[in-house]
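**Q** what shape does this take:
(one chain, ligands or ions: 1)
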Amino acid sequence: MTHIRLIYFNVELRAELIRLILAHGEIEFEDVRFEKEDWPRIKEQNDFLFGQVPILEVDGVQIAQSSAIVRYVARMAGLAGKDSLEQAKADMLADAFCNDILEKFYRIAFFERNEEKKTRLECEFRDCIMPDFLDRLERFYIRDGGDFLLGDQLTYADLAFYRMINLCKRYLRCSHPKLRDLYHKVSSLPNIAKWEQSKPKTRF
Ligand SMILES: N[C@@H](CCC(=O)N[C@@H](CS)C(=O)NCC(=O)O)C(=O)O
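**A** Numbers count the residues shown, from 1 in each chain. As a prediction, this is how the structure comes out:
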């Protein structure tokens, strides 16, 4: 059996979508977590390509870059999309959620040190960026979706959407009933609900 280890800080951030996909696919993995103060030692002891985490080890072979890992485990879990066009659409959505929205969120919530600027950026994110983004996404979902974002089959884009909403919840002011239903549908998937119940509780 393939031995999978996911190495990351003891937080959700860039690893949680990977964990959600593995949990949904019932793919066994070792969830290797470490605390921030242990990072210098771990970095020193491991020659991670690019010197960052998350790292996925598959039978000892290391894969870096969260979006590459996400796509890899999505293929393993049968959530990558049924053909190459659907795969491109799933990648398009997941890139928008993870690379555009969440990267903006990380910069504001975790890295902005100037309080005045942080407040201004938070207002812009809450009042302009998210409403516009979710308006567009809801229109796409009504036009192209079904039970899930890309039709009646779940793809990893739905899990990426769920992950984005969980992280940005405190900045959501707008009402998107179809997207709200989708969020609840994903959160009610048995393996997702089970993961949420059993996962280690962390601050981020
Ligand atoms: N583009 C990379 C970014 C990885 C990244 O920024 N990792 C951070 C944790 S979220 C890290 O390893 N920080 C410690 C360091 O850079 O020394 C990815 O998506 O995997």
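**Q** run through who's touching the longest helix along the chain.
**A** Secondary structure assigned by DSSP state H gives helix 130-144 as the longest helix of the chain. Under the contact criterion Cβ atoms under 8 Å, 6 or more residues apart in numbering, helix 130-144 has outside partners 89, 96, 101, 149-151, 161, 168, 171-174, 176, 178-179, 182. No exception for glycine: its C-beta is placed from N, CA and C like everyone else's.
**Q** now do the buried residues in it.
**A** M130, P131, F133, L134, L137, E138, Y141 (16 or more other Cβ atoms under 10 Å).
**Q** ok, stretch 185-204 next?
**A** For stretch 185-204, by 16+ other Cβ under 10 Å, it's V186, L189, I192, W195.
**Q** tell me the one of these nearest the ligand?
**A** Ranked by distance to the ligand (Cβ to the nearest ligand atom), these are led by W195 at 20.0 Å.
**Q** show me the contacts for that closest one.
**A** R19, L20, A23, H24.
**Q** what's the model's confidence in the host helix or strand of the third one, averaged?
**A** When elements are assigned from DSSP states H and E, A23 belongs to helix 16-24. On average, the pLDDT along helix 16-24 is 98.
**Q** next one: stretch 145-164
**A** On average, stretch 145-164 scores 98.
**Q** now swap in stretch 76-89 and tell me
**A** Mean pLDDT, computed over stretch 76-89, is 98.
**Q** what about the most far-flung residue of the chain relative to its centre, distance to C123?
**A** In the chain, the greatest distance from the average C-alpha position (Cα atoms, centre = their mean) is reached by E116, at 28.5 Å. Going from E116 to C123 by Cβ to Cβ, to the nearest Å gives 11 Å.
**Q** and L6, by the same measure?
**A** 35 Å.
**Q** neighbour count: those two, which is higher?
**A** More neighbours surround L6 than the other of L6 and C123, with 20 against 11 (other Cβ atoms under 10 Å).
**Q** okay, and the beta partners of that one?
**A** Legend: beta-bridge partners of L6 under DSSP bridges are D31, L56.
**Q** was I right to think it contacts E30?
**A** Yes - at 7.1 Å, L6 and E30 qualify as touching, with contact defined as Cβ atoms under 8 Å.
**Q** what packs against the helix holding A23?
**A** Under the contact definition 3 or more Cβ pairs under 8 Å, 6 or more residues apart in numbering; DSSP states H and E, helix 16-24 sits against strand 4-9, helix 66-76, helix 156-168, helix 190-198.
**Q** how far out from the middle of the chain is the last one?
**A** To tie it back to what came earlier, the one meant is helix 190-198. 15 Å (Cα atoms, centre = their mean, to the nearest Å).
**Q** that helix - what's its average pLDDT?
**A** Helix 190-198 comes out at a mean pLDDT of 98.
**Q** put the alpha carbons of that helix into CSV.
**A** C-alpha atoms of helix 190-198 as CSV (Å, rounded to 0.1, in the frame of the first residue of the first chain):
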residue,chain,number,x,y,z
PRO,A,190,-20.3,12.2,5.5
ASN,A,191,-16.5,12.1,5.2
ILE,A,192,-16.2,15.8,5.4
ALA,A,193,-18.5,16.0,8.4
LYS,A,194,-16.5,13.2,10.0
TRP,A,195,-13.2,15.0,9.3
GLU,A,196,-14.5,18.2,10.8
GLN,A,197,-15.5,16.3,14.0
SER,A,198,-12.3,14.5,14.4
